[in-house]
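Trainee: sequence first, predicted model second:
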There are 2 protein chains.
Amino acid sequence: MNVKTLCLGILTFGDATGYEIKKAFQDKLSQMYDAGYSSIYPALNQLTKEGFVSCRQEAQNKRPDKKVYSITTEGRLFFIEELKKKPAEDKFRSEALTTLMFAHLLPARTTSDLIDSLIASYEQYIQDLSTDCDMKQSHSEKFLCGMGITIRKAAITYMQENRHLIEADALLSQQAAE
Amino acid sequence: MNVKTLCLGILTFGDATGYEIKKAFQDKLSQMYDAGYSSIYPALNQLTKEGFVSCRQEAQNKRPDKKVYSITTEGRLFFIEELKKKPAEDKFRSEALTTLMFAHLLPARTTSDLIDSLIASYEQYIQDLSTDCDMKQSHSEKFLCGMGITIRKAAITYMQENRHLIEADALLSQQAAE
DNA sequence: TACGATATATATCGAACCGAAATATTACGA
DNA sequence: TCGTAATATTTCGGTTCGATATATATCGTA
């Protein structure tokens, strides 16, 4: 599973331009998989060469030509085969939480501020997602959306209940330094 | 924040070889940030050129020379400056959950099996982490470890309580097709 | 004892992916 | 009117990933 394959997957919902595919990544999948233009447009060119999508060019008045992509029968078959393959392990990367491993090198205040702003950004995320989530039509989308909210709520509660572990360390090492 | 910077960070805990740095990524940071040899070794070469680490070569009997890296004063200062920068947004990527967006293209059984094996892999992860977590010395490590466990537990509960949303859809579209 | 698996140790290739910028126009709100 | 957001595509450079190659020691087990 990669960006190329997922472009194909998004086209199973209907024809779309590269720009619209990028929006679909954000609307439908951003919780679980994101992709940028610099991955999507080259992917569409490759898929066209391979015969998995077809492309019709629509001229627009005073805008760049719109290229509308459709999935072909071969593309559909290929995508379903890819779906059946064992998915890769989930990946999570957080620079903010990584920073906490080096709390001993920073002033105690910085550590606390970092946790505060991490909690704040998660709360913001939950708020944005909650309004989105109600508007979703399909059950799958609601499921994924709710998953994103649940995970972040659990993370916030955990941070609030356990931040003292890290903050105590930071204070101690600061006192030792003084 | 990137692999290069984090190699520097790991060296603040003490001298290490590339191989040992890889292990430190797994032991200390795997929850939050992972890196492979193909990122670490070139990073160490660059850091050496830039004067942020020094390298002493230790000959070993019948094994390749061991290159032990130490962080320099400039390296330490540079790392602390990097730590102060605003961290990038957290990133999460799950091919398994992404697959669920295309449940309508797969037989209903496959969807259920997918959720089952996702729950199983999270449970395995929690078990592995729990034993690790008790052995951790520093509070920061315990904090991050606990975070990983908490998030996955929340995800499992959510999936168990809401999987029917997706599974009902899959059954319906299958009946419609028959 | 022989065999396979695991651990130590480094290097590198190609592919995938990301972030940012360039380009050009319309539409909308302050 | 001025700036910002939306529509739409392309591309550059840098980062990262996955896989493979090389070489040896050690440990368990059949």
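Mentor: Alright, I've got the coordinates.

Trainee: chain A: helices as residue ranges?
Mentor: With helices called from DSSP state H, chain A shows them at A:3-11, A:18-24, A:37-50, A:73-84, A:95-100, A:108-135, A:139-177.

Trainee: who are the contact partners of A:E95?
Mentor: For A:E95, the contacting residues are B:M1, B:Y33, B:P87, B:A88, B:D90, by C-beta atoms under 8 Å, 6 or more residues apart in numbering or on different chains. Any C-beta I mention is one placed from the backbone N, CA and C, and that applies to glycine too.

Trainee: most surrounded residue in those?
Mentor: Most neighbours among those, by other C-beta atoms under 10 Å in any protein chain shown: B:Y33, with 21 neighbours.

Trainee: list the contacts for it?
Mentor: Going by C-beta under 8 Å, 6+ apart, the list of residues near B:Y33 reads A:R93, A:S94, A:E95, A:T98, B:L6, B:F25.

Trainee: can you put these in a markdown table and add distance to DNA strand C?
Mentor: Compiled in a markdown table, the contacts of B:Y33 are given as follows (distance: C-beta to the nearest atom of the strand, whole Å):
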| residue | distance to DNA strand C |
| --- | --- |
| A:R93 | 10 |
| A:S94 | 13 |
| A:E95 | 11 |
| A:T98 | 15 |
| B:L6 | 16 |
| B:F25 | 13 |
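
Trainee: can you tell me which of the residues you listed is nearest A:A170?
Mentor: A:T98 (15.7 Å; C-beta to C-beta).

Trainee: now that closest one: how far from DNA strand D?
Mentor: 11 Å (C-beta to the nearest atom of the strand, to the nearest Å).

Trainee: show the pLDDT at that residue.
Mentor: Reading off the confidence values, A:T98 has pLDDT 96.

Trainee: and what of A:K28?
Mentor: At A:K28, pLDDT is 88.

Trainee: ok, A:K62 next?
Mentor: Looking at A:K62, its pLDDT is 58.

Trainee: where does the prediction get shaky in chain A?
Mentor: A:59-64, A:174, A:176-178 (pLDDT under 70).

Trainee: any idea which residue sits dead centre in it?
Mentor: A:S30 (3.6 Å; C-alpha atoms, centre = their mean).

Trainee: domain-wise, how is chain A divided?
Mentor: A:3-84, A:95-177 (automatic domain parsing).

Trainee: follow-up on the earlier one: let me know the closest of the contacts of B:Y33 to A:S140.
Mentor: A:R93 (24.6 Å).

Trainee: distance check, the nearest residue to that closest one once chain neighbours are set aside against A:P87.
Mentor: Computed as C-beta to C-beta, 6 or more residues apart in numbering or on different chains, the closest residue to A:R93 that is not its neighbour in sequence is B:K91, at 4.7 Å. B:K91 is 17 Å from A:P87, where distance means C-beta to C-beta, to the nearest Å.

Trainee: nothing else from me, thank you.
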